[in-house]
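Peer 1: with the input below, show me the fold.
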Amino acid sequence: MTALPPLQIRPVQLSDFDPWLALWDGYNAFYGRSGATALPPEITRTTWERLHNPLEPVFALVAESQGELVGLTHYLFHRSTTRLGPVCYLQDLFADARRRGQGIGKALIHGVYEQAARAGASRVYWQTQAGNEAGRALYDKVAEHRGFIVYGHEIQA
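Peer 2: Numbers count the residues shown, from 1 in each chain. A predicted model of the protein is given here:
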């Protein structure tokens, strides 16, 4: 069995923009947001700015292997009506398609768990599409599916 290259999970840095953008674009394409359905550039720019603004509750970790970014996760903290401390929502998780199956997603999730514990959060949660079988296979190993169904409604300005 070939040993996997070492993996470092760390906060995203300003100098990471280009490789972060490639991963961000890959993440969005995975969920059908590319080409004619791509996010407006303003959303990507604002997301990047929020990740580096200390007044924002949005954060990012990246997975780095041999000097290359191979995964990302974005997460945020918010209040809850059922807990005294903050909870953590893991909003985005993506590993480079060429590197899937190498533990990147699991390492990033555990990195968020560590950051949540440091922030005093008592829970990390996330959602995924029902058909994301590969992702769900991992999630079933690192968290508990609690049976909730997510609804959404877009507000038109």
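
Peer 1: strands paired with the strand ranked longest in the chain, and their directions?
Peer 2: Longest strand of the chain, by residue count under DSSP state E: strand 68-78. Here strand 68-78 has these sheet partners by DSSP bridges: strand 58-65 (antiparallel), strand 87-95 (antiparallel).

Peer 1: who wins for proximity to L14 among those strands?
Peer 2: strand 58-65 (11.4 Å; C-beta to C-beta). C-beta here means a position set from N, CA and C on the backbone, and glycine is covered the same way.

Peer 1: contacts for the closest one, please.
Peer 2: 5-12, 16, 19-20, 23, 47, 50-51, 69-76, 91, 95, 99, 104, 107-108, 111-112, 115 (C-beta atoms under 8 Å, 6 or more residues apart in numbering).

Peer 1: any chance of the strands paired with strand 68-78 in JSON lines, with mean pLDDT, distance to R146 and mean neighbour count too?
Peer 2: Shown next, in JSON lines, are the strands paired with strand 68-78 (pLDDT from 0 to 100; distance: least, C-beta to C-beta, whole Å; neighbours: other C-beta atoms under 10 Å):
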{"stretch": "strand 58-65", "mean pLDDT": "97", "distance to R146": "24", "mean neighbour count": "21"}
{"stretch": "strand 87-95", "mean pLDDT": "97", "distance to R146": "13", "mean neighbour count": "21"}
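
Peer 1: nearest to I155, out of these?
Peer 2: Distance to I155, taken as C-beta to C-beta, is lowest for strand 87-95 among these, at 18.4 Å.

Peer 1: toward the C-terminus, what is the element adjacent to the closest one?
Peer 2: Next helix or strand after strand 87-95 toward the C-terminus (DSSP states H and E): helix 104-118.

Peer 1: how far away from the center of its chain is the next helix or strand after that next one?
Peer 2: Reading on from helix 104-118 to the C-terminus, the next helix or strand found by DSSP H and E is strand 124-125. Distance, stretch centre to chain centre, for strand 124-125: 11 Å (C-alpha atoms, centre = their mean, to the nearest Å).

Peer 1: what does stretch 50-64 give?
Peer 2: With C-alpha atoms, centre = their mean, you get 11 Å for stretch 50-64.

Peer 1: extract the C-alpha trace of it and format it as PDB.
Peer 2: Below are the C-alpha coordinates for stretch 50-64, written out as PDB (Å, rounded to 0.1, in the frame of the first residue of the first chain):
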ATOM      1  CA  ARG A  50     -15.600  37.700   4.800                       C
ATOM      2  CA  LEU A  51     -13.200  34.900   5.400                       C
ATOM      3  CA  HIS A  52     -10.500  37.400   6.300                       C
ATOM      4  CA  ASN A  53     -12.600  40.000   8.200                       C
ATOM      5  CA  PRO A  54     -12.300  39.500  11.900                       C
ATOM      6  CA  LEU A  55     -15.800  41.000  12.400                       C
ATOM      7  CA  GLU A  56     -17.400  38.300  10.400                       C
ATOM      8  CA  PRO A  57     -18.400  34.900  12.000                       C
ATOM      9  CA  VAL A  58     -17.400  33.000   8.800                       C
ATOM     10  CA  PHE A  59     -14.100  31.000   8.600                       C
ATOM     11  CA  ALA A  60     -12.200  28.700   6.300                       C
ATOM     12  CA  LEU A  61      -9.800  25.900   6.700                       C
ATOM     13  CA  VAL A  62      -7.800  24.400   3.800                       C
ATOM     14  CA  ALA A  63      -6.100  21.100   3.400                       C
ATOM     15  CA  GLU A  64      -2.500  21.400   2.100                       C
END
